[in-house]
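Peer 1: how does the following fold in three dimensions:
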Amino acid sequence: MEKNLESVDVLVIGAGPSGTVAASILNKNGYHVKIVEKQQFPRFVIGESLLPRCMHNLEKAGFIEAIEKGNFQKKLGAIFADGHETCEFDFSNQFSEGWGWTWQVQRGAFDHLLAREVERMGVKVEHGSAVTAVDFNEKHANATISKADGSTYNIQARFIVDSSGYGRVLPRLLNLDKPSDFPERTSFFCHLRPVEPIVGKEREKIIILVYTKDIWGWVIPFSDGTYSVGIVGDIEGVNQFSGDDEAQFRQWVEEIPALKSRFTNCSLIFPPKRITGYAAAVKKHYGHRFVLTGNSTEFLDPVFSSGVTFATESGALAAELVSKELSGEAVNWQKEYSEYIQRGVDVFKTFITAWYDGDLQRIFFSQNPNTEMRRQICSVLAGYVWDLDNPFVSKHKRAITSLARVV
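Peer 2: Below is the predicted model:
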């Protein structure tokens, strides 16, 4: 073997939740796995409010016990408020069988914890290294790794799992990116600490605040008393105020009554950040000796916190299918992976589109909600978007349209 050539069964690109879930399951199945991660951890990343569906995949990966020791904020549901009405969903009262709670997490600490835990399990995690080139032959995938010190080496793998998230390594290298069919929107957000501690049941839920049909805000409580607060919507609307970023952010706090009552004169933990044009898509989810997971496949919109759910679901499923293929079994990647993941994406797409169209907001704030339908909608909000017994999954477009007409 060449001196600068390393050999593994599976190379995982990215040490976020999708990559660590995939690596843990592959490692449990007896494969030699290595993760390469471009950044040093801990590092900031958005996507802080998990959904109960994530818990199944974190459990498969063997991470639950370690996460419980991380003292993260438990999340029991969601509150939607439009300034006049509120609508609450409790994950314990949903249609689908599954977890009735999850966590709200500072992703820097959460992702670092998962990366350390998968290392403890025996998976090598190499930070400060980027995959800069790939090629595939009949037997192997070959990747060029560029390290922070300028040196390079090569990894020969039987399979590559791209969990690089917003880095979208293989989509870039293999020309797999395609435009999203969602309108371009922007998010403007910060972590902050209120002047007075906020207590009560609202700490156990994410709060979604409606400003206009096209602009909304999130409030995510963390266990240390700090909050993630963001504004999302069309670019012109979100950027409507003048001044520097901090001045604009504080104007948003004063503009929305629910933010003003909680966060006037709050301390900003870091300067406000913007992410614009975040929606992304790909031409295909897999190919010869590679598969894309998490945000490397598709990212929709933050309104229903679906990002980490798709990250862990795709990471776990990809790991099981890669294990199956490497053991010599046939895998129908189109049916078993791509179509399955796309079904869940399509459900959330329908809900997100209905949110910005106003149909879902009308449903949420209706005066006489149907109890069983609320339980079915709650299951989608909890991430159970593959439960075909739920009509808001199996017939998602028709179900929302019909209910919106009724209310």
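
Peer 1: show me the chain divided up by domain.
Peer 2: Annotated domains of the chain cover 5-75+101-179+280-332, 186-276, 344-406 [automatic domain parsing].

Peer 1: D82: which of the ones you listed is closest?
Peer 2: Closest to D82 of the domains of the chain is domain 186-276 (C-beta to C-beta; 3.9 Å). Placement of C-beta: from N, CA and C, glycine included.

Peer 1: need the residue closest to the centroid of the chain.
Peer 2: G307 (1.9 Å; C-alpha atoms, centre = their mean).

Peer 1: show the model's pLDDT score for it.
Peer 2: On pLDDT, G307 comes in at 93.

Peer 1: repeat that for the one 10 residues further on.
Peer 2: Per-residue pLDDT puts L317 at 98.

Peer 1: quick one, what contacts it?
Peer 2: Residues near L317 by C-beta atoms under 8 Å, 6 or more residues apart in numbering: E336, Y337, Y340, I341.

Peer 1: apply 10 Å and report the result again.
Peer 2: By C-beta atoms under 10 Å, 6 or more residues apart in numbering, the contact set of L317 is V21, A22, I25, N57, K60, V291, T293, E336, Y337, Y340, I341.

Peer 1: confirm it sits in a helix?
Peer 2: Yes. Residue state for L317 (DSSP: H, G, I helix; E, B strand; the rest coil) corresponds to a helix.

Peer 1: tell me how far it lies from Y31.
Peer 2: 16 Å (C-beta to C-beta, to the nearest Å).

Peer 1: roughly how far is the helix or strand hosting H112 from the heart of the chain?
Peer 2: Here H112, judged by DSSP states H and E, is contained in helix 107-120. Offset of helix 107-120 from its chain centre (C-alpha atoms, centre = their mean, to the nearest Å): 16 Å.

Peer 1: pLDDT on that helix, on average?
Peer 2: Helix 107-120 comes out at a mean pLDDT of 98.

Peer 1: may I have that helix as CSV, with CA atoms only?
Peer 2: What follows is helix 107-120, C-alpha atoms only, in CSV (Å, rounded to 0.1, in the frame of the first residue of the first chain):
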residue,chain,number,x,y,z
ARG,A,107,-25.6,22.7,18.2
GLY,A,108,-22.0,23.5,18.9
ALA,A,109,-22.1,21.5,22.1
PHE,A,110,-24.6,18.9,20.8
ASP,A,111,-22.6,18.0,17.7
HIS,A,112,-19.3,18.0,19.7
LEU,A,113,-20.8,15.6,22.2
LEU,A,114,-21.9,13.2,19.4
ALA,A,115,-18.5,13.4,17.7
ARG,A,116,-16.8,12.5,21.0
GLU,A,117,-19.2,9.7,21.7
VAL,A,118,-18.7,8.1,18.3
GLU,A,119,-14.9,8.3,18.8
ARG,A,120,-15.4,6.6,22.2
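
Peer 1: after it, which helix or strand is next?
Peer 2: strand 124-127.

Peer 1: what's that following strand in contact with?
Peer 2: 6, 8, 12, 15, 19-20, 23, 32-41, 43, 114-116, 118-119, 145, 147-148, 155.

Peer 1: now that strand: buried residues?
Peer 2: V125, H127 (16 or more other C-beta atoms under 10 Å).

Peer 1: tell me how far that strand lies from the chain's centre.
Peer 2: 22 Å.

Peer 1: next SSE after it?
Peer 2: Following strand 124-127 toward the C-terminus (DSSP H and E): strand 129-136.

Peer 1: buried set for the helix or strand just after that following strand?
Peer 2: Downstream of strand 129-136, the first helix or strand assigned by DSSP H and E is strand 141-147. Buried residues in strand 141-147, defined by neighbour count with 16+ other C-beta under 10 Å: A141, N142, A143, I145, S146.

Peer 1: and what of stretch 213-225?
Peer 2: D214, I215, W216, G217, W218, V219, I220, P221, F222.

Peer 1: again, but for stretch 79-98
Peer 2: For stretch 79-98, by 16+ other C-beta under 10 Å, it's 79-82, 87-91, 94-96, 98.
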